[in-house]
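1. Pasting the sequence and the predicted coordinates here, then a few questions.
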Amino acid sequence: MSDTTTSERRTNTQLRSIFPAACEALRPFFDGSNQWEGQSHEHLAYHTLKEHFPELSSQDVFIVVATTRRLFASGKFPAAL
């Protein structure tokens, strides 16, 4: 008989817990109507995320910004908090 219990494969629970708030903090930087010469303000997103969540490592900041960028590009961003 096989075990049908699914274990959580993601291990960074701290990053998962702050992700909705981080997406909301980064929303202005990936808003299509808020661009400069057709470019996003992604470079400012890194600084803002580090200011709001100083406990995040550089790798975690990169992961959150990259994931948020993909979410906004796909139109599947989380609802506002």
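-> Ah, there it is. In this text, all values refer to a predicted model and were calculated from it rather than measured experimentally. Residues are numbered from 1 along each chain as shown.

2. Show me what the helix or strand hosting Tyr46 is in contact with.
-> Using DSSP states H and E, Tyr46 sits within helix 42-52. Helix 42-52 has contacts (CB atoms under 8 Å, 6 or more residues apart in numbering) with 21-22, 25-26, 29-30, 56, 61-62, 64-65, 68-69. Every residue, glycine included, has its C-beta placed from N, CA and C.

3. Most neighbours of all those residues, which one?
-> Leu26 (26 neighbours; other CB atoms under 10 Å).

4. Which strands and helices lie in contact with whichever helix or strand that one is part of?
-> Leu26 is part of helix 13-30 when elements are defined by DSSP H and E. The contact analysis (3 or more CB pairs under 8 Å, 6 or more residues apart in numbering; DSSP states H and E) places helix 13-30 against helix 42-52, helix 58-74.

5. And the contacts of the longest one?
-> It stands for helix 58-74. 12, 15, 19, 22-23, 26-27, 30-31, 40, 42, 45-46, 49-50, 53, 56, 77-78.

6. let's see it at 6 Å
-> With CB atoms under 6 Å, 6 or more residues apart in numbering as the test, helix 58-74 has contacts from 15, 22-23, 26, 30, 45-46, 49-50, 77.

7. circling back to that earlier point, buried residues, the helix holding Tyr46. List them.
-> 45-46, 48-49 (16 or more other CB atoms under 10 Å).

8. How far off centre is it?
-> Taking CA atoms, centre = their mean, to the nearest Å, the mean C-alpha location of helix 42-52 is offset from the chain mean by 11 Å.

9. All good on my end, thank you.
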